[in-house]
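Colleague: Sequence below, structure please.
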Amino acid sequence: MIDKVVTSGTFSLDGGTWDVDNNVWLAGDAREVVVIDAAHDAKAIAQRVGGREVKAIVCTHAHNDHINAAAELAELTGAPIRLHPADEVLWSQVYGDSVPYVPLADGEKIEAGGISLEVLHTPGHAPGAVCLYAPEVCVLFSGDTLFKGGPGATGRSYSSFDTIIDSIRGRLLELPAETVVHTGHGESTSIGAEAPHLEEWIKRGH
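Modeller: This next block holds a predicted model:
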């Protein structure tokens, strides 16, 4: 069972602020779920969770628009916050050292409701960016690493175009073509739909 809540707020970095809509994904079953990217509105996310147990609040990266409801949601649900430690520099911009998280490791598996999510470290958009791959249901939660139409943005601090391309080429495009890609913003896509355009992105990015 995969569910989505779209929340709205702002993304701020490097002195700029932009209005954004974020996809908050819930993966699990009728008893328990993992929340992926607690953005903007903890109460709306908790309402969608309902009476289910939240096994973990997983952050695909620590840009403020993906984590700014994580602390409140953790208080509401008692669930641990999970983040790759390479994003500590971004996490501390939002929470300082006041909100703890449990570090994510590449290759780790997080389970909820019969769905197993494998952590794929995919730096580039942010140093600690991760994607979550659920092979049993042929789904990838890509955060801001891969979108319909190309890679995530790399024009701001702590990001790298060459690194995100390496992550996509080496970690994501190796997945089965039929894998559905649920993104951090906007519409979902598939590995098969995006794979043929890698060289175009590289030309465009340089």
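
Colleague: Could you use CA atoms for every contact and neighbour count after this?
Modeller: Will do.

Colleague: which residues does H40 contact?
Modeller: Going by CA atoms under 8 Å, 6 or more residues apart in numbering, H40 touches T7, S8, G9, D65, H66, I67, N68, A69.

Colleague: residues contacting the fifth one?
Modeller: With contact set as CA under 8 Å, 6+ apart, H66 has these partners: N22, D37, A38, A39, H40, C59, T60.

Colleague: circling back: mind listing which of the contacts of H40 are in helices?
Modeller: D65, H66, I67 (DSSP state H).

Colleague: And the helices in this structure, which stretches?
Modeller: Using DSSP H, the helices of the chain run over 42-49, 64-67, 70-77, 88-95, 161-167, 191-194, 198-205.

Colleague: Mean neighbour count, those: which tops it?
Modeller: Ranked by mean neighbour count under mean count of other CA atoms under 10 Å, the helices of the chain are led by helix 64-67, which reaches a mean of 25.

Colleague: could you give the mean pLDDT of that one?
Modeller: The average pLDDT for helix 64-67 rounds to 98.

Colleague: Likewise for stretch 43-58?
Modeller: pLDDT averaged over stretch 43-58 gives 98.

Colleague: What is the helix or strand of the chain with the lowest mean pLDDT packed up against?
Modeller: Across the helices and strands of the chain, mean confidence by mean pLDDT, DSSP states H and E is lowest for helix 198-205: a mean of 88. Secondary-structure packing of helix 198-205 (3 or more CA pairs under 8 Å, 6 or more residues apart in numbering; DSSP states H and E): strand 150-151.

Colleague: hmm, try it at 10 Å
Modeller: strand 150-151, helix 161-167 (3 or more CA pairs under 10 Å, 6 or more residues apart in numbering; DSSP states H and E).

Colleague: where along this protein do the strands fall?
Modeller: Residue ranges of the strands in the chain, as given by DSSP state E, are 2-13, 16-28, 32-36, 53-58, 81-83, 102-103, 109-112, 115-121, 130-134, 139-143, 146-147, 150-151, 180-183, 189-190.

Colleague: No more questions from me, cheers.
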